[in-house]
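> Below are the sequence and a predicted model; questions follow.
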Amino acid sequence: MTSFALLFTLASIGISETVYLIRKRIASEKPICPIGDGCETVLTSKYNKIFNIPNDILGLSAYITISIFAAFLVIGVAPTFLWSFVIKILIGIASIMSFIFTYLQWRVIRAWCFWCLMSAFTIWLMGIIILISGLI
Amino acid sequence: MNKTSFHILRVGLAITFLWIGILIFKQPEAWGGYLQPWAAGLLPIPIKEAMIGTAVLDILIGAFLLFDFFVWFVALLGAIHLIIILTVSGITDITVRDIGILAAIIALVIDSFPKQQNESS
């Protein structure tokens, strides 16, 4: 259950972060960039959407799904194997996407976005938790 | 309160309320065991149903805090909820931490309470 608690906590942090970015985008306001000043450059670049869907919406959807399914696994809602499988697949895809977005910030956009990096680290940490819990 | 501190407190409390709600959903009867006999006797519905209602309320408070919607209202609701919990369960080794959570959520209520606008006429 510890791994689900950690996944749920990280997904909740991801939800709060993506909700913040969505609200700022809708209000056409600049998000606060706690470290560096490249947030706006990255968030308004042409890479901020996939199939015309903003990345913050995709991230929020993924985090909400992960948190709900982690809660299902804790409560024991059937079919648990399906929730577990979907969580692993989602985190796997999100990890790969995070690698691509981090590469884009580093080599293509040449600016770093605090919120994007935080989201990437959140996802990678989830991946590490799943790998470790699978080994134990 | 500093804006960053406020959001850290908000998200932290949101996760706490959400997680407690999930745990109550998992074992409602076990959590009902924390009720003092006099409080359990006052319930018009079975303990299991009352605890599921509590879980739903905890999850709703947590979700609203996490999504940053109506923070002052749900924080006030959370504070009242925690005062009721402390009253009906008593201060035990388990519930003593609710005092800290209550203090934190009261801080959130005070900080997010709508400020009165200065009217100039």
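Thanks, I have the structure now. Note that the coordinates shown come from a computational prediction; the quantities given were computed from them, not determined experimentally.
> Remind me which helix or strand residue B:98 belongs to.
Using DSSP states H and E, residue B:98 sits within helix B:97-112.
> got a list of contacts for that helix?
By Cβ atoms under 8 Å, 6 or more residues apart in numbering or on different chains, the list of residues contacting helix B:97-112 from outside reads B:1, B:6, B:9-10, B:12-13, B:16, B:65, B:71-72, B:75-76, B:78-79, B:82-83, B:85-86, B:91. Heads up, the C-betas are built off the backbone N, CA and C, glycines and all.
> 10 Å instead?
B:1-3, B:5-6, B:9-10, B:12-14, B:16-17, B:20, B:61, B:65, B:68, B:70-83, B:85-86, B:89, B:91-92, B:95 (Cβ atoms under 10 Å, 6 or more residues apart in numbering or on different chains).
> what ranges do the helices span in the chain?
Let's take chain A. Along chain A, the stretches classed as helices by DSSP state H are A:2-26, A:39-43, A:55-75, A:80-103, A:114-135.
> Please refer instead to chain B.
Going by DSSP H, chain B shows helices at B:3-26, B:28-32, B:37-42, B:47-66, B:71-89, B:97-112.
> Outside of the second one itself, list whatever touches it.
Applying Cβ under 10 Å, 6+ apart, the contact partners of helix B:28-32 are B:20, B:23-25, B:40, B:43, B:46-55, B:89.
> List, out of the residues you listed, those positioned next to chain A.
Filtering these for proximity to chain A by Cβ under 10 Å from any Cβ of the partner chain leaves B:23-25, B:55.
> How confident was the prediction at residue B:119?
At residue B:119, the model reports a pLDDT of 47.
> if we can go back for a sec, PyMOL command to pick out the buried ones of the contacts of helix B:28-32?
Applied in PyMOL, the following selects the buried portion of those according to 16 or more other Cβ atoms under 10 Å in any protein chain shown:
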select buried, chain B and resi 20+23+24+25+47+50+51+52+54+55+89
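> What lies in contact with stretch A:34-43?
In contact with stretch A:34-43 (Cβ under 10 Å, 6+ apart) are residues A:21, A:24-25, A:30-33, A:45, A:48, A:54-56, A:101, A:104-105, A:109-118, B:4.
> Enumerate every residue touching residue A:10.
Contact analysis of residue A:10 by Cβ under 10 Å, 6+ apart lists A:63, A:66-67, A:70, A:91, A:121-123, A:125-126, A:129, B:15.
> cutoff 7 Å now
Contact analysis of residue A:10 by Cβ atoms under 7 Å, 6 or more residues apart in numbering or on different chains lists A:122, A:125-126.
> Could you dump those into CSV and include neighbour count and pLDDT?
Converted to CSV, these look like this (neighbours: other Cβ atoms under 10 Å in any protein chain shown; pLDDT from 0 to 100):
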residue, neighbour count, pLDDT
A:122, 20, 96
A:125, 16, 96
A:126, 27, 96
